[in-house]
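Asks: A structural model of the following input is requested.
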Amino acid sequence: MSTPEITSVSFNIKSPDGNPRSYDLSKKTLVVGPNGIGKSAVVQAVALAVSGAAEEVAGRAITSDPALLMSLAHQHGHDGSVVFARVNLSNGEHCQWETKRDEGRIKTPIHIRPRWIIPHTSKEHSPHFPLREVREVLTGSAKKARERFLTWVCSDLDDGVVLTALGADVDMFSELTVGCDDMAPVDKLMQAVSAADKQARKLRSDAKAQTSLRDKLLSEVGAKPRSEAVLAARDAVKEAQALHEENLREAGASGVADKRKLLHDLLGKLRAEEQRLLAEVVVADANIRNLEQSETLEYKGSVGAVHALAWALDEDADGCPICSSPVGNAHLRACHDFYADKVKDLGAQTKKLQELRASRQRDKEALSGARAQILRHESDLEGLPATMDSRSAVSVDDTRTALAQAQAKLEALNESATKWHQLTAAKNLVDTNYALAEKFSNFKRLSQKAVAKLLEDRVDGFCQRVSGYLPDGWEFGVMVTDSGRDVFYYGLFDGDEDARYLKVGLSEAQRVSVLVAMCAVLDEMLPTPLSVLAPEDRGWDPSTLGSMMQALREVPQMVMLTSTVMPAKEDHAGWTVINLGGAPPPAKARMVAPSLPPQAAPEAVQVTPSLPELPEALRERYDASSGRARGGKFRSLKRHVALFITENGIEMTLQVLRLAHPVLVVEDGTSPDDLATTVANYLVPLGPQ
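Replies: Numbers count the residues shown, from 1 in each chain. Take a look at the predicted model:
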């Protein structure tokens, strides 16, 4: 696809009144104005619309956090308005990022973009803003910067070149890069170097642990036990076990008589209980039968008479309903009351009958339980062996002690044999691990030599291409080795012939210019649609800014520069200039460089072969935080900086820090204490409470 360009930007971030602003852009745009007028807002709006992230927000180098980005909105979005940034592209597409507060909660941002736009995420930088990756690489450790630089300058190498550089270690290279077929050849090489280093360190760590185990076993193990002694100890344990079990059986026989007597006593009690329960059941059966007969004859007749007499009374009859005798109504009522009372008495008998039946059932269940226990005890009694006298003169305690001693001896022999086995294995493993570790280390050393050779072949060409995007007279250089050590320094060459050296302590304007030029070359090597270079404003002077604008006219990417000063009119060619500060002050005419005084004698020039190495604690920048943990980290980093200044001087410290942290801003003439405070605040920024 053809590379589209950004034609305009609209946004309301950093707006003093919340109203949106719009500007036309071109492939080369310069935004000019005094501090605080909103130059950075233009650049941040472009970055936010395209990638969903922006630089230099609330002290963060780059962020996509909606809460932090909301700080760019008018009144921090509390007025309920939508905060947005939008860019229009030359192919008719557009990118837009927007969000708002909804009842105090910041809504998830909406990011509209073409499918080919890759947004910024927590795991990878958006390729559309290459300065982000270049800054991170160059501000990291020298090792990581060197490795990443290799992948940049050797990105077009094929497998054959890499394998030729490795020579005889192709087999191990293939082993260490299994599953990396999709990687570029140079990335596979770096993967192999890293994997070999990890394997060597792991094997040496394992060998060290096995050596400790071996030394411990050597101090503990005695004479190696003979196999005959182990077998004899096993036989002794078996014999002692058999004797102890026999003694236990004989000792158990003396208690049979007591158990037999106990069972006889229990059987006697249970049989007496059986007879008592059986007698109660028989009596209950007889009582129940009598009551059942009474219930069958008399109760049923009385109930029938009550019903018949109740009918006659209801009909107001004078004759008996049973025999039809004319007895009169009073006689019928008297008979009804008589039989009604009788039914009540018979009802009480029925209740008693129910109680007798429940009691008989309980007795029967108890009787069944007693008989079951009798059968169980009779069975136990029949299973008892006949009593006998003990034939052993040895006590159970004696045979138990003998068995324990035999087992202890066998365990000691087995433990000694196990330690000897572990000792032999540890010795073999130590030798094997050290041999393998040395093999991987050799591969790593040869691979690093291959890396150095590849870098040597490619660095000069890369530096020449970068210099082509720098102002006239600027020569870019990179140092990847120093006195046999792997290093990574970048800068501009200075000095004449014999006194020529790589100046790494660049000014902010020089450093930004170099970073932009590097990104331009990287885009040529690995082209990306819609690549935007937007370096931060670092105090351009009109002359340097004009020279940089002339050099960047040929850069393939879109470039956005911000400046507080206006360059000379002749430097505007090819650039769109957005003047946010009204009529700019007239640019100072460029002055011819004055002639330099005679140079000092060559022997008086001291060329430093390399910069001192920055302590590990000062190489990385930490996430923003607050509270006690942040205070402790701040004080620790401040001490580290103060010690480094004491050892190397403030000027050397400034050079090393600016090389490691290009974004760090330090005013000239800063005192050592202020420098330590500034660096510590930069490395551990203060976050929200």
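
Asks: contact partners of the lowest-mean-pLDDT helix or strand in the chain?
Replies: Ranked by mean pLDDT, DSSP states H and E, the weakest helix or strand in the chain is helix 159-166, scoring a mean of 70. Helix 159-166 has contacts (Cβ atoms under 8 Å, 6 or more residues apart in numbering) with 170, 173, 185-186, 188-189, 446-447, 450, 453-454. C-beta here means a position set from N, CA and C on the backbone, and glycine is covered the same way.

Asks: I'd assumed Arg371 was in a helix, is it?
Replies: Yes. Counting by DSSP: H, G, I helix; E, B strand; the rest coil, Arg371 is part of a helix.

Asks: wait, it touches Glu274, no?
Replies: Yes. Assessed by Cβ atoms under 8 Å, Arg371 is found in contact with Glu274 at 6.2 Å.

Asks: assign Thr528 to helix, strand or coil.
Replies: Going by three-state DSSP: Thr528 is coil.

Asks: quick one, what contacts it?
Replies: 127-128, 130.

Asks: try it again at 7 Å.
Replies: Listed by Cβ atoms under 7 Å, 6 or more residues apart in numbering, the contact set of Thr528 reads 127-128.

Asks: sorry, back to before: now the least confident helix or strand of the chain: buried residues?
Replies: Buried positions in helix 159-166, judged by neighbour count with 16 or more other Cβ atoms under 10 Å: 161-163, 165-166.

Asks: ok, then the element right after that helix?
Replies: Sequence order places helix 170-176 as the next helix or strand after helix 159-166, per DSSP states H and E.

Asks: the very next helix or strand once past that following helix vs helix 159-166, what angle?
Replies: Under the assignment DSSP H and E, the closest C-terminal helix or strand after helix 170-176 is helix 185-220. For helix 185-220 against helix 159-166, the angle by axes from the mean of the first three to the mean of the last three Cα atoms, to 10 degrees is 40 degrees.

Asks: and helix 185-220, what does it pack against?
Replies: helix 142-153, helix 159-166, helix 170-176, helix 396-467 (3 or more Cβ pairs under 7 Å, 6 or more residues apart in numbering; DSSP states H and E).

Asks: count the residues that sit near Arg146.
Replies: For Arg146, the tally of surrounding residues (other Cβ atoms under 10 Å) stands at 21.

Asks: so for it, what's the nearest residue that isn't a sequence neighbour?
Replies: Phe488 (4.1 Å; Cβ to Cβ, 6 or more residues apart in numbering).

Asks: format the CA atom coordinates belonging to the helix or strand encompassing the one you found as CSV.
Replies: Element membership for Phe488 (DSSP H and E) is strand 485-494. What follows is strand 485-494, C-alpha atoms only, in CSV (Å, rounded to 0.1, in the frame of the first residue of the first chain):
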residue,chain,number,x,y,z
ARG,A,485,34.9,-5.3,25.9
ASP,A,486,31.4,-5.3,24.4
VAL,A,487,30.0,-1.7,24.8
PHE,A,488,27.6,0.6,23.1
TYR,A,489,28.2,4.3,22.8
TYR,A,490,26.8,6.7,20.2
GLY,A,491,27.7,10.3,19.5
LEU,A,492,29.3,12.7,17.1
PHE,A,493,33.0,12.6,16.0
ASP,A,494,35.0,15.6,17.1
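
Asks: so which elements touch that strand?
Replies: Counting by 3+ Cβ pairs under 7 Å, 6+ apart, strand 485-494 packs on helix 142-153, strand 476-482, strand 501-503.

Asks: next, the angle from that strand to helix 142-153.
Replies: 70 degrees.

Asks: for Pro130, see how far away the nearest residue to Cys154 once chain neighbours are set aside is.
Replies: What sits nearest to Cys154 in space, not counting adjacent residues and going by Cβ to Cβ, 6+ apart, is Val186, at 4.2 Å. Note on Val186: its distance to Pro130, by Cβ to Cβ, to the nearest Å, is 18 Å.

Asks: where does the stretch 401-550 of the chain dip in pLDDT?
Replies: Applying pLDDT under 70 to the stretch 401-550 of the chain flags the ranges 484, 538.

Asks: just want the angle from the least confident helix or strand of the chain to helix 396-467.
Replies: 110 degrees.

Asks: now Ile650: closest residue in space, sequence neighbours ignored.
Replies: Pro672 (5.5 Å).

Asks: and the one you found, what does it touch?
Replies: Here Pro672 is in contact with 642, 645, 650 (criterion: Cβ under 7 Å, 6+ apart).

Asks: buried residues, stretch 671-684. List them.
Replies: 675-680, 682-684.

Asks: ok, these vs Val663, which is closest?
Replies: Tyr682 (8.0 Å; Cβ to Cβ).

Asks: measure that closest one to Gly631 for me?
Replies: Noted for Tyr682: a distance of 16 Å to Gly631, by Cβ to Cβ.

Asks: what pairs with the residue of the chain most remote from its centre across the strands?
Replies: Using Cα atoms, centre = their mean, the residue of the chain lying farthest from its centre is Pro326. It sits 109.2 Å away. Under the criterion DSSP bridges, Pro326 forms beta bridges with Gly319.
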